[in-house]
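Chemist: Coordinates only, no sequence provided:
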């Protein structure tokens, strides 16, 4: 239904489970996808300009960016060091800021940037204070960027996934998976392709009047009352 033929899309963190799903869905829609693997490919805080310049040099254009690269360590807040805090915020928030700033110089009117945030940006979990704060910041960055880049016709949004299936999660966290299934109205974990479909939609003309929005992709779990 969505045809992105001729479009060039940069996906960061494309070496991971969710990033791979996002890249595959863009490719299925006809886009040329540039896959940046993420942290292992270099610090995007300092390499963002080079990464974007390489895309332009190789493909001559850039139409959409998905800032997916991120980390999710677990550390209780009372034990968290400033270094642990800074690392998560740098990877999850400062790097997308740098990539976005570098990319918008090349994005045409109608171009888009999508940040991969999380439902933890509004519903934090124990041990994830740094992660939740970085994702909340990412949601607000998108809203602020939408405000400032909107007059140029560039749209900035976020996608906030819930629990996404990955190899081994059933064995590694059976209790958590069971709780998720019991809480989610759609009764299942998400897939990387579910996240990818949301990103493809936001990058397409079907979303041409959508900006500054956080699209929650969580099977309805955040609709569940907590009291």
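Modeler: Everything's here; your move. For clarity, every value in this text was computed on a predicted model and none was experimentally measured. Residues are numbered from 1 along each chain as shown.
Chemist: can we go C-alpha only for contacts and neighbour counts from here?
Modeler: Noted.
Chemist: Test my guess that residue 166 contacts residue 17.
Modeler: Yes. Counting by Cα atoms under 8 Å, residue 17 is a contact partner of residue 166 at 6.6 Å.
Chemist: Show me the strands in this structure, by range?
Modeler: Shown for the chain, the strands assigned by DSSP state E span residues 8-12, 32-36, 64-67, 112-116, 155-161, 214-217.
Chemist: elements contacting the longest one?
Modeler: I take that to be strand 155-161. Here strand 155-161 touches strand 112-116, helix 129-149, helix 192-203, strand 214-217, going by 3 or more Cα pairs under 8 Å, 6 or more residues apart in numbering; DSSP states H and E.
Chemist: Likewise for the second one?
Modeler: Here strand 32-36 touches strand 8-12, helix 17-28, going by 3+ Cα pairs under 8 Å, 6+ apart.
Chemist: Next, the buried residues of it.
Modeler: For strand 32-36, the neighbour count (16 or more other Cα atoms under 10 Å) marks 32, 33, 34, 35, 36 as buried.
Chemist: I'd like the distance between the residue nearest to the second one when sequence neighbours are not counted and residue 29.
Modeler: Okay, so that is residue 33. Spatial nearest neighbour of residue 33, excluding adjacent residues (Cα to Cα, 6 or more residues apart in numbering): residue 9 at 4.9 Å. Going from residue 9 to residue 29 by Cα to Cα, to the nearest Å gives 11 Å.
Chemist: where does this structure have low pLDDT?
Modeler: Within the chain, the stretches with pLDDT under 70 are 38-41.
Chemist: got the buried residues for stretch 72-85?
Modeler: 75, 85.
Chemist: Hmm, I typed the wrong one, I wanted stretch 115-129.
Modeler: By neighbour count on 16+ other Cα under 10 Å, the buried set for stretch 115-129 is 115, 116, 117, 118, 119, 120, 121, 124, 127, 128, 129.
Chemist: what separates the nearest residue to the fifth one once chain neighbours are set aside from residue 224, distance-wise?
Modeler: This points to residue 119. Nearest non-adjacent residue to residue 119, counting by Cα to Cα, 6+ apart: residue 160, 5.2 Å away. Separation of residue 160 from residue 224 (Cα to Cα): 16 Å.
Chemist: Those two: who's more crowded?
Modeler: residue 160 (22 against 10; other Cα atoms under 10 Å).
Chemist: Residue 159 and residue 166: what is the separation?
Modeler: Residue 159 is 18 Å from residue 166, by Cα to Cα.
Chemist: residue contacts, the residue nearest the centre of the chain?
Modeler: For the chain, the residue sitting closest to the mean C-alpha position, by Cα atoms, centre = their mean, is residue 116 at 1.5 Å. With contacts defined as Cα atoms under 8 Å, 6 or more residues apart in numbering, residue 116 is in contact with 66, 67, 68, 158, 159, 160, 161.
Chemist: Excluding chain neighbours, what is closest to the second one?
Modeler: Excluding the flanking residues, the one nearest residue 67 by Cα to Cα, 6+ apart is residue 115, at 4.7 Å.
Chemist: For that neighbour, which residues count as its bridge partners?
Modeler: residue 67, residue 158 (DSSP bridges).
Chemist: Renumber starting at 509 from here on
Modeler: Noted, 509 is the first residue going forward, which turns the last one into residue 623.
Chemist: Quick check: it touching residue 667?
Modeler: Yes. Taking contacts as Cα under 8 Å, residue 623 lies within contact range of residue 667: 6.3 Å.
Chemist: what residues are up against residue 674?
Modeler: Listed by Cα under 8 Å, 6+ apart, the contact set of residue 674 reads 525, 699.
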